[in-house]
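**Q** pasting the structure only:
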């Protein structure tokens, strides 16, 4: 169940075949520099279109008319971005430079479909006047192509829905695509993510569901919520994981407020262990939505934490430990979002380290970061270089220093989770002896 906000990644269409090696990479230094500059301009025009900066958009197009057809990770063009926000002047400028009014993104949405979905009436009129069609998931016309079944073959984890007992079920979470319920499977309490029946034929929803199932089935770690099975052959589609009785960290912090140094350290260790496992190379999983709501407590004693909800996670194969990726921008939850994601720039697994810093801050302070800002404004404020202010006095200087390093503006300056674990173990060992005996009392 994806919680995507608007996707504005930084990738555009690739260079022409003549500039690529057989493997698809630029072959000379000059070509690499040219490709880097092109990707940078692609990111810029998408960003300026998002910001309603028609002057900057026009300047870029005067320098390179081909940027009018720039594409992000989800194949969205600058006109898609302008249409979604209703930026009329930017749209007129793009159309003037030859933008394709019926370009389709990876969900087959046209700019007009986006404008209709966002109820931008003046934009709808403008696009229709230039021959725009309402096509795609958000539009009034749909692709006739049939939707593939959720998963190709029956697996040993396929669950017959008749085995699930919802007679005493309770809703423990809701999202735009469905809900999460506590139910029973073969007598065991489980958490069931159930897709709304009305969306079980939606191509994008099925794609996200398939992705999450295929990801979860590979994961085995004490600090990762355990996948138990899925219903993929009947509707509604359902994903089944272990049920954790302690609720989520968001609710725990809401009730407890700021945590002691010992509790915060131990909680941070559990989160970092799970994340270090996910970030293990060469098959790195970037969570992309690490936040207190997605960190779960095993029981009411809060003696163990697990990382969950992989609806937005991205599995990538690392060829070089310093690789960065052209991935979806503005993915996840604004308040915990790394600046490079908010700015639609290339990013890597260090975005999760930034989110971890926000969680660590919240555990120490008792309040979410920049709680006096709305989520979007908080993300924007941090993207401009600002950071939350430490006010509590009960935490150690070492934890404050670690938090500040984890939210460094330069993602290359942020430590890895393996490095974070070493730092946290040292902090734990330096605590007074009595804390070790009564570690979880707050």
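**A** Received it, and whenever you're ready, just let me know what you need. Quick caveat: nothing in here was measured; it's all calculated off a predicted structure.
**Q** the top strand by length along the chain packs against which elements?
**A** What stands out as the longest strand in the chain, according to DSSP state E, is strand 164-174. With contacts defined as 3 or more Cβ pairs under 8 Å, 6 or more residues apart in numbering; DSSP states H and E, strand 164-174 has these neighbours: strand 178-185, strand 188-195. C-betas here are computed from N, CA, C, even on glycine.
**Q** pairing partners for the last one, with directions?
**A** Strands that pair with strand 188-195, judged by DSSP bridges, come out as strand 178-185 (antiparallel), strand 238-242 (antiparallel).
**Q** out of those, nearest to residue 97?
**A** In this view, those are compared for proximity to residue 97 by Cβ to Cβ, and strand 178-185 is the closest at 41.3 Å.
**Q** gap between that closest one and the chain center?
**A** Strand 178-185 has its C-alpha centroid displaced from the chain centroid by 23 Å (Cα atoms, centre = their mean, to the nearest Å).
**Q** with stretch 221-231 instead?
**A** 19 Å.
**Q** what are the buried residues along it?
**A** For stretch 221-231, the neighbour count (16 or more other Cβ atoms under 10 Å) marks 221, 223-231 as buried.
**Q** quote the end-to-end distance of it.
**A** Counting by Cα to Cα, to the nearest Å, you get 23 Å between the two ends of stretch 221-231.
**Q** equivalent analysis for stretch 254-265, please.
**A** The separation between the terminal residues of stretch 254-265, taken as Cα to Cα, is 18 Å.
**Q** buried sites along it?
**A** With burial defined by 16+ other Cβ under 10 Å, the residues of stretch 254-265 counted as buried are 258-265.
**Q** give the rounded mean pLDDT of that stretch.
**A** Averaging the model's pLDDT scores along stretch 254-265 yields 92.
**Q** which of the helices and strands packed on strand 164-174 sits most buried?
**A** Highest mean neighbour count among the helices and strands packed on strand 164-174 (mean count of other Cβ atoms under 10 Å): strand 188-195, with a mean of 21.
**Q** now do that strand and strand 164-174, the angle between them.
**A** When axes from the mean of the first three to the mean of the last three Cα atoms, to 10 degrees is applied, the directions of strand 188-195 and strand 164-174 differ by 60 degrees.
**Q** quick revisit: what's the closest of the strands paired with strand 188-195 to residue 122?
**A** For residue 122, the closest of the strands paired with strand 188-195 is strand 178-185, at 33.8 Å, according to Cβ to Cβ.
**Q** for the record, mean pLDDT for the closest one?
**A** Taken as a whole, strand 178-185 carries a mean pLDDT of 90.
**Q** name the element residue 388 belongs to?
**A** Taking DSSP states H and E as the criterion, residue 388 maps to no regular element, lying outside all helices and strands.
**Q** wait, doesn't it sit right on residue 372?
**A** No. Under the criterion of Cβ atoms under 8 Å, residue 388 is not in contact with residue 372, lying 10.1 Å apart.
**Q** neighbour count: the two, which is higher?
**A** residue 388 (21 against 8; other Cβ atoms under 10 Å).
**Q** got a pLDDT number for the more buried one?
**A** In this prediction, residue 388 carries a pLDDT score of 95.
**Q** quick one: residues contacting it.
**A** Contact partners of residue 388, counting by Cβ atoms under 8 Å, 6 or more residues apart in numbering, are 358, 361, 365, 369-370.
**Q** on that earlier part again, and the longest strand of the chain, which residues are buried?
**A** Of the residues in strand 164-174, 164, 169, 172 count as buried by neighbour count, 16+ other Cβ under 10 Å.
**Q** and residue 239, how far from residue 183?
**A** According to Cβ to Cβ, to the nearest Å, residue 239 and residue 183 sit 12 Å apart.
**Q** can you give me the helices in the stretch 101-250 of the chain?
**A** 111-117, 121-129, 203-216, 249-256 (DSSP state H, counting those that start in this stretch).
**Q** the longest one versus strand 238-242: what angle between them?
**A** With the same axes, to 10 degrees as the criterion, the two stretches helix 203-216 and strand 238-242 enclose an angle of 30 degrees.
**Q** now do helix 203-216: which elements does it pack against?
**A** Judged by 3+ Cβ pairs under 8 Å, 6+ apart, the packing partners of helix 203-216 are strand 227-231, strand 238-242.
**Q** now render the ones you listed as JSON lines, adding mean pLDDT and distance to residue 429.
**A** Listed next are the helices and strands packed on helix 203-216 as JSON lines, based on pLDDT from 0 to 100; distance: least, Cβ to Cβ, whole Å:
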{"stretch": "strand 227-231", "mean pLDDT": "92", "distance to residue 429": "34"}
{"stretch": "strand 238-242", "mean pLDDT": "92", "distance to residue 429": "31"}
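**Q** make a markdown table from those strands and add distance to residue 336 to it.
**A** Formatted as a markdown table, the helices and strands packed on helix 203-216 follow (distance: least, Cβ to Cβ, whole Å):
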| stretch | distance to residue 336 |
| --- | --- |
| strand 227-231 | 23 |
| strand 238-242 | 22 |
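**Q** so which of those gets nearest residue 44?
**A** Ranking the helices and strands packed on helix 203-216 by proximity to residue 44 (Cβ to Cβ) places strand 238-242 first, at 38.4 Å.
**Q** can you give me the angle that closest one makes with strand 227-231?
**A** Comparing the axes of strand 238-242 and strand 227-231 via the same axes, to 10 degrees yields an angle of 160 degrees.
**Q** now strand 238-242, how far from the chain's geometric center?
**A** Taking the mean C-alpha point of strand 238-242 and that of its whole chain, the gap between them comes to 20 Å (Cα atoms, centre = their mean).
**Q** how about residue 417, what does it touch?
**A** When contacts are counted by Cβ under 8 Å, 6+ apart, residue 417 touches 272, 275-276, 279, 352-353, 356.
**Q** and the least confident of those residues?
**A** When the contacts of residue 417 are compared on pLDDT, residue 279 comes out lowest, with 92.
**Q** count of neighbours near it?
**A** Taking other Cβ under 10 Å as the criterion, the count of residues near residue 279 is 22.
**Q** what does residue 421 give?
**A** If we define neighbours as other Cβ under 10 Å, then residue 421 has 17 of them.
**Q** wait, it sits on residue 272?
**A** Yes. Here residue 421 reaches residue 272: they are 5.1 Å apart, a contact under Cβ under 8 Å.
**Q** what residues are bridge-paired with residue 164?
**A** residue 185.
**Q** doesn't residue 186 make contact with it?
**A** No. Proximity of residue 164 to residue 186 does not meet the contact threshold set by Cβ under 8 Å, at 9.1 Å.
**Q** hmm, back to that, out of the helices and strands packed on strand 164-174, which is closest to residue 303?
**A** Once the helices and strands packed on strand 164-174 are compared by Cβ to Cβ, strand 188-195 is nearest, at 18.4 Å.
**Q** and the gap between residue 177 and residue 193?
**A** Computed as Cβ to Cβ, the residue 177 to residue 193 distance reads 9 Å.
**Q** also residue 96?
**A** Applying Cβ to Cβ to residue 96 and residue 193 gives a distance of 46 Å.
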